[in-house]
Structure formats: structure tokens, C-alpha cells
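Trainee: Sequence and predicted structure are below.
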Amino acid sequence: KTATETDLLASGVTLDLMAGSFQVLQADNGTGEFVLLDSDLAGTVSLTLVGGPALAGVTLTGTTVSLAVNNSNGAVPTIDGNTVNLPAGPYYRVSGHAVIGIGSSILPVQANLTGDFVFEATTTEADVAVAHLGFSFGGGSSNLFSVTNGAGAFVMTSAGIYGSTTATVSLAVPGVSLGGTMSVLLNTTNAPVSAGSVTVNGASVSIPALAAGPYLQVNGTEVTLGIAGFVTVTGDFGFVKSGPAAIQAVGSNVGATLAVGTVSVGLSGGTLALVLNGDGTVALEASGAVSLAIPVLTGVTATGATVLYNSSTTAHNNEMITVGSLSAPLNVPAGVSGTPYTAVTVTGLHATIAGFVTVTGDFGFAQSGSTIQAVGSNVGATLAVGTVSVGLSGGTLALVLNGDGTVALEASGAVSLAIPVLTGVTATGATVLYNSSTTAHNNEMITVGSLSAPLNVPAGVSGTPYTAVTVTGLHATIAGFVTVT
């Protein structure tokens, strides 16, 4: 007892932090000091962490934890001349750097959440402030998907752990980049959690509504996923660890763009399914409404667009990837070692090219150097004036889109004529040629995926595209007058 306070110096301190009858943690071998403040008590103790929550499959490991208690309503700057800087109470806090382990009996694989934690217990739960949270969705021999700098709050009860944090995510996959606003969602209970907040470590922390668990999920909004040399994918994604060597993701509000210069082909408002394997290979399928930025195309409509990518040698057939409440299909052929499978397809396309012809069909797009190439099947091409039209049907098409917006194409197929005075029409075939660039394409074969089509078209003149619709082997009768071949 000094002239101003009564101090208690303590050693061999043991601590059982309880939330009612629920054990939160245990520590022993503590040393510290307290001060009596009339009927109140304040003090600090440093202890060795020896046990975690009484939850099957959950561990809490670390070295030391610190107890800070102040049940007075005033700050306590010193005890026995030593600086403690205890804020005004009342509170009873245990803090330290530790690892929360969630075992494979709860999650698909063991998860170890490392961070700085502050525990405050009530009669029913322990509220946990979280800072510097980090963990890895590992795979194979490397940590492909790492979470760092997480901050937020968890709640521990006898039913399990739930809560959320912000996070920074890094992806260690060559040629693949990931950015966006990320958060960690955790719920090891089998019940949903209503949105709310907890006050811990002197601050109120919001926790969003959580679906029933158990799961550990990383969510991202306005995410950008870039695959070098292929497409850029955007949207809202959810990631989970699905096994020892695989991470799965599902995306909503997805856009995917294959772009060269001012020209782009892709989709919007879509969904995405993605698998990230332990060896760093990636398989994905995105589908949605078609999104084209091709200056010479007008009146564009389409049934839909799909983006496929697979850098692994394993095909995914008729799979459904589910993360939380979202699901999306994954159907993508295998890649070849060192050569990913890539495809951007547009089905049911209907568009007019520079006021020249109207083209329909199903198209596959791929980047080739500084151009985007396309091959079409079930193609129709029509040159029409009023009720009269000349063109082709059931054909193929080869197309090159240049970064400056110029286009070269060749379409060929069965002749399709709507000319009222012609009867008994037969023909060997029909061809449509168009080139708004000043570069000729001679005896080229354009290949996208499993489809190929020839491209032979003369160069245009600056400002004047080369255009031609030809019909070969025509045989027709004109108004019952003459037969023309």
C-alpha cells in the first residue's frame, strides 16, 4: 500500500476465460500487477496460452496472451510506477497473437487462421476482435491463394464460430492476376446468422448476415481476374477450398472481355465457375449476354456468349460448382500441356456488317497476336434490297478483326436467293467477301478451337472496303422467259 494506491503483485496466475459455462481459452504461469480502486480493480497479466475453446475440431494455439482488466470507469495510466495505459472500463480482455485451427471434421480441409485477437466474454458468447488475419488456401506445394491483413470480428459460442473480416488477397499463379474488394466469411455453426454488430476492444464491429455453415469463404466485389493473352473477367466472386489441392469459385454479375485495340468480344451480366488446381492450372467457364464492340457491326443481337479456359490437362464435363448459395456450370475441354484450351463463343449472332451484308450464325473468337480471329458455323449471309436478297446459308465464315476496327471476312455456303422472277434455282455455292483493311489475305486458314475456315480476300482501299457476293454454277429461269447458267 502506497500513499495513493494499494497494489497487488501476482505470479503463478491461471486463467479460465468463460462465457457462461462455455470455455473460451485457458492460460497459466502468469505474472502481473493489479491496483485496488475503492471497490474496483484494474491490472495486467502476461500468461502462457495452454488451451482453446471447448469446441470439437477447433484449436487455439500460440505462446503468450495478455489479460487487461479495468472495472472502473476511469483510465489507469500506471500501476506501482509502471506504465500500463489501461483505458476506462469496465472491461475484461484477453489478447495475443495466435492461430485458430478449424479442422477437417468441420471444413473440407484444415484451415489455420493466424492473427492478433482480443477476446471479451459475456455470459453467452466471446466476442473476438481480429487484426492482421492471414491464412492460405494452399494447394500442392505452394500457397496459391493467400489472405492477409484481415480485420473484423468473430463470435465464439458453444455452437461454433462465426464472423467476418476485410482482407487482402494475392494469387500466386503465373499469368493470372486478381484484384478487388475482398472479405472473409466464417460460420462453423449449422445455423444462419442475422446481420448485427459486436462491441469489442472498445469498438463496434459489424457482422453481415451469414448463411448456415460450416464454411470458410472469401468473397470479392468488383473483382478483376486477368488471364494473360486471353480475357479479363470482372464480377462478384466467392472462393472456397474444396479439397486438399483445389480452390473453387463462383461469380455473379460477370463480364468477360477479349480485346485488341478498339475491338472487343465478350459477355456481360453472366455467371462464372472456376477451379484453381494445386499445380497452378485454372479451368473456367463464364456465360452471359453477348457484349461486342466492333465498329463495323450494327443491329447486333445474339442468344448468348460463353468464355472457356483450361490450362490443365483434365476436362470438366457437366460439373456444377457451388459456393454458398450460388452455383454455375463448368464444361470445358482439357488443355494440352503448355497450351491452354481457350474459346470465346457467340451463339445466335445476327449483325449487319457496314451496311453491306447481314450475317447470322454461331461464332468462336480467339486472339491471335494483334488481331481477334473468328470462325463461324451454321452461317447465313444476306445482301438485301427491299424484297430482293442474295446470299448464302448453312455455311462457314472466317473473320479477322484488327485493332483499328477494320475487318476482313470470307463466308461460303449454299446459295440463298429471294428474287421473285427466278424459278428453278440451283447453284454450286455462294461466297461473301469483305475487307475494310488495306491488307490482303491470301490462302489463309483461320482456326478457332476445333473449327477452321478459309480466308481469301483482296485488300480494300483506304476508305473503300472490298466487297463481293458471288454465286457459282447458277442455273435459273427468269420469269418463264430464258434459263440462265
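Mentor: Arrived safely.
Trainee: Isn't residue 336 up against residue 313?
Mentor: Yes. In this structure, residue 336 is within contact of residue 313 by C-beta atoms under 8 Å, at 6.9 Å. Quick note: C-beta positions are derived from backbone N, CA and C, even for glycine.
Trainee: for this structure, which spans come out with low pLDDT?
Mentor: The model of the chain has pLDDT under 70 over residues 138-142, 245.
Trainee: and residue 404, backbone torsions?
Mentor: Main-chain dihedrals, residue 404, degrees, to the nearest 10: phi -90, psi 0.
Trainee: any idea how far residue 250 is from it?
Mentor: If you measure residue 404 against residue 250 using C-beta to C-beta, to the nearest Å, the figure is 37 Å.
Trainee: between those two, who's got more neighbours?
Mentor: residue 250 (25 against 13; other C-beta atoms under 10 Å).
Trainee: Which residues does that one form beta bridges with?
Mentor: Residue 250 has the following beta-bridge partners by DSSP bridges: residue 238, residue 273.
Trainee: dump the residue contacts of it.
Mentor: 237-238, 271-274, 321-324, 326-328 (C-beta atoms under 8 Å, 6 or more residues apart in numbering).
Trainee: okay if I get those residues as JSON lines plus distance to residue 304 and neighbour count?
Mentor: JSON lines is the format used below for these (distance: C-beta to C-beta, whole Å; neighbours: other C-beta atoms under 10 Å):
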{"residue": "237", "distance to residue 304": "20", "neighbour count": "28"}
{"residue": "238", "distance to residue 304": "23", "neighbour count": "21"}
{"residue": "271", "distance to residue 304": "11", "neighbour count": "20"}
{"residue": "272", "distance to residue 304": "14", "neighbour count": "30"}
{"residue": "273", "distance to residue 304": "15", "neighbour count": "27"}
{"residue": "274", "distance to residue 304": "19", "neighbour count": "23"}
{"residue": "321", "distance to residue 304": "19", "neighbour count": "24"}
{"residue": "322", "distance to residue 304": "22", "neighbour count": "14"}
{"residue": "323", "distance to residue 304": "22", "neighbour count": "22"}
{"residue": "324", "distance to residue 304": "24", "neighbour count": "14"}
{"residue": "326", "distance to residue 304": "19", "neighbour count": "17"}
{"residue": "327", "distance to residue 304": "18", "neighbour count": "12"}
{"residue": "328", "distance to residue 304": "14", "neighbour count": "23"}
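Trainee: ok, now how distant is the nearest residue to residue 244 once chain neighbours are set aside from residue 284?
Mentor: In space, and not counting its chain neighbours, residue 244 is closest to residue 109: 5.6 Å by C-beta to C-beta, 6 or more residues apart in numbering. With distances taken as C-beta to C-beta, residue 109 is found 22 Å from residue 284.
Trainee: likewise residue 179?
Mentor: Separation of residue 179 from residue 284 (C-beta to C-beta): 17 Å.
Trainee: And residue 239, by the same measure?
Mentor: With C-beta to C-beta as the criterion, residue 239 and residue 284 are 13 Å apart.
Trainee: Quick check: end-to-end length of stretch 90-109?
Mentor: 40 Å (C-alpha to C-alpha, to the nearest Å).
Trainee: quick check, distance from that stretch to the centre of its chain.
Mentor: 27 Å (C-alpha atoms, centre = their mean, to the nearest Å).
Trainee: Now do the buried residues in stretch 395-408.
Mentor: 395-402, 406-408 (16 or more other C-beta atoms under 10 Å).
Trainee: show me the contacts for residue 169.
Mentor: By C-beta under 8 Å, 6+ apart, the neighbours of residue 169 are 145-148, 178, 180, 182, 218, 220.
Trainee: 6 Å instead?
Mentor: Taking C-beta atoms under 6 Å, 6 or more residues apart in numbering as the criterion, residue 169 is in contact with 147, 182.
Trainee: Would you check how far apart it and residue 83 are?
Mentor: 38 Å.
Trainee: Dump the contacts of residue 250 into a markdown table; add distance to residue 16 as well.
Mentor: A markdown table is the format used below for these (distance: C-beta to C-beta, whole Å):
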| residue | distance to residue 16 |
| --- | --- |
| 237 | 42 |
| 238 | 38 |
| 271 | 49 |
| 272 | 48 |
| 273 | 47 |
| 274 | 45 |
| 321 | 44 |
| 322 | 41 |
| 323 | 38 |
| 324 | 36 |
| 326 | 42 |
| 327 | 44 |
| 328 | 47 |
